[in-house]
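*Asks:* Could you work out the structure for the sequence below:
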Amino acid sequence: MRARMLLSEALRSITSNVSTTFAAVVTVLIGMFLIGILIAFGTYAESWTAHQKKKLLVKVYFCTDQTCPAHGYASTKEMNAVAGGLTKNRLVKSVRFVSKEEALQTMKKEHPDLVASLPTNPLPDALEVKAVKGEYTAKIAESLNPRPAGVQLVRYGAKTTRKVLRFAHFIEILFAIAGLILLAASTLLIGNTIRLSIFARRREIEVMKLVGASNWFVRGPFMLEGLITGLAGALLAIILLLLGKEIALPSILPRLSPEEGVSALAFPLTALILVGLGLLLGAAGSGFTLRRFLRV
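*Replies:* Presented below is the predicted three-dimensional model:
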């Protein structure tokens, strides 16, 4: 009975203040639409940077007669010792042995012109070391300094690694700040729009308070109104985003060269986030705005 009364009061307020309700819905719509775009681009950028981090490797090259004349070829024992030490390192995700024959075959596929006239295979045996996180790449390389016996060279693309990590950090900060700004702006806009509706009914609120109505009794219909408004705006934003996904995105994707494993957050999850944010912002905007009118 109480819930039915709250719902009827909320619907009465919505239908009797169509202009302010429409303004509130449009405000939520704009805010949720922008947040939806931010989620899509932000998660895609985060996925791309994470994919680039996975490409960061520490390459450990072992000695051959050409690279270490004084030492000669690195022995199997020395190579196993280096691989075993790296495997035990908590910063290391995986260690892969690349034989000189495999390295030559890769070179033939990627740069056939460079190896076409080679009389022998000059490439060394090597280890490809993948870090648990891209940020650990430099630390893993530093752990091999001084170089263990049998190791000629350790490379991890210091400049490339720094650029990738710096760009990834920039992307994370940029989208975090943009998300906070959008959430704050949406909350303020929704609160101000709902305030107009509450201000128009301030006399009614004062009378209810004077006859003994509790704060939650007065607040209930307005918060429910905010929930309905937030839900409506969020659903409309989801419909617009879905239309953009189906109409605009197919014309944009052919111009891009997406990498395998890089993607934005799944649309159903984005839709759930927007519905949750719409409900939260609608209720919060009503609840916080109503406080000043309850001081009678």
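
*Asks:* Not counting its own residues, what contacts stretch 91-109?
*Replies:* Identification of contacts with stretch 91-109 by C-beta atoms under 8 Å, 6 or more residues apart in numbering yields 64, 79, 83, 86-87, 114-115, 121, 123-133, 136, 139-140, 143. (C-beta placed from N, C-alpha, C; glycine too.)

*Asks:* got it, and stretch 146-159?
*Replies:* For stretch 146-159, contacts defined as C-beta under 8 Å, 6+ apart pick out 56-64, 67-68, 71, 74-75, 78-79, 81-82, 85, 124, 137-138, 140-141, 144-145.

*Asks:* Can you say which helix or strand has Val58 in it?
*Replies:* For Val58, the host element (DSSP states H and E) is strand 57-62.

*Asks:* Distance from the chain centre to that strand, please.
*Replies:* Put simply, strand 57-62 sits 31 Å off its chain's centre (C-alpha atoms, centre = their mean, to the nearest Å).

*Asks:* Please pull up the helix or strand immediately following it.
*Replies:* Using DSSP H and E, the helix or strand that follows strand 57-62 in sequence is helix 76-88.

*Asks:* Report the inter-axis angle for that following helix versus strand 57-62.
*Replies:* 160 degrees (axes from the mean of the first three to the mean of the last three C-alpha atoms, to 10 degrees).

*Asks:* Quick check: buried residues in the next helix or strand after helix 76-88?
*Replies:* Reading on from helix 76-88 to the C-terminus, the next helix or strand found by DSSP H and E is strand 92-98. For strand 92-98, the neighbour count (16 or more other C-beta atoms under 10 Å) marks Val92, Val95, Val98 as buried.

*Asks:* List just the nearest of those residues to Phe167.
*Replies:* Set against Phe167, the nearest of the buried residues of strand 92-98 by C-beta to C-beta is Val92 (23.6 Å).

*Asks:* For the closest one, give the beta-bridge partners.
*Replies:* Here Val92 sits in beta bridges with Ala131, as judged by DSSP bridges.

*Asks:* what stretches of the stretch 151-296 of the chain score poorly on pLDDT?
*Replies:* By pLDDT under 70, the weakly predicted segments of the stretch 151-296 of the chain are 158, 190-191, 193-194, 197-198, 200-202, 204-205, 208-209, 212-219, 248-261, 287-296.

*Asks:* Number of residues surrounding His111?
*Replies:* Using other C-beta atoms under 10 Å, His111 has 10 neighbouring residues.

*Asks:* Need the per-residue pLDDT for it.
*Replies:* Note on His111: pLDDT of 76.

*Asks:* how near is the residue sitting nearest the centre point of the chain to Thr161?
*Replies:* Of all residues in the chain, the one closest to the mean position by C-alpha atoms, centre = their mean is Thr43, 3.5 Å from it. Applying C-beta to C-beta, to the nearest Å, the value for Thr43 to Thr161 is 23 Å.

*Asks:* cool, Ile273 as well?
*Replies:* Ile273 sits at a distance of 33 Å from Thr161 (criterion: C-beta to C-beta).

*Asks:* Tell me which of those two has more neighbours.
*Replies:* Between Ile273 and Thr161, counting by other C-beta under 10 Å, Thr161 is the more crowded of the two (22 against 16).

*Asks:* residues in contact with the more buried one?
*Replies:* Counted by C-beta under 8 Å, 6+ apart, Thr161 has contacts Leu56, Gly134, Thr137, Ala138.

*Asks:* could you pull out the helices for this structure?
*Replies:* Here the chain has its helices, by DSSP state H, at 2-16, 18-55, 76-88, 100-110, 112-115, 137-142, 158-200, 202-210, 215-247, 249-252, 267-290.

*Asks:* for the first one, what is the average pLDDT?
*Replies:* Model confidence over helix 2-16 averages 64 on the pLDDT scale.

*Asks:* count of residues packed around Ile37?
*Replies:* Using other C-beta under 10 Å, Ile37 has 16 other residues around it.

*Asks:* Touching, it and Leu241? I think so.
*Replies:* Yes: shown here, Ile37 and Leu241 form a contact pair, counting by C-beta atoms under 8 Å, at 7.4 Å.

*Asks:* circling back to that earlier point, which of the buried residues of strand 92-98 sits closest to Thr27?
*Replies:* Using C-beta to C-beta, the buried residues of strand 92-98 come closest to Thr27 at Val92, 50.5 Å.
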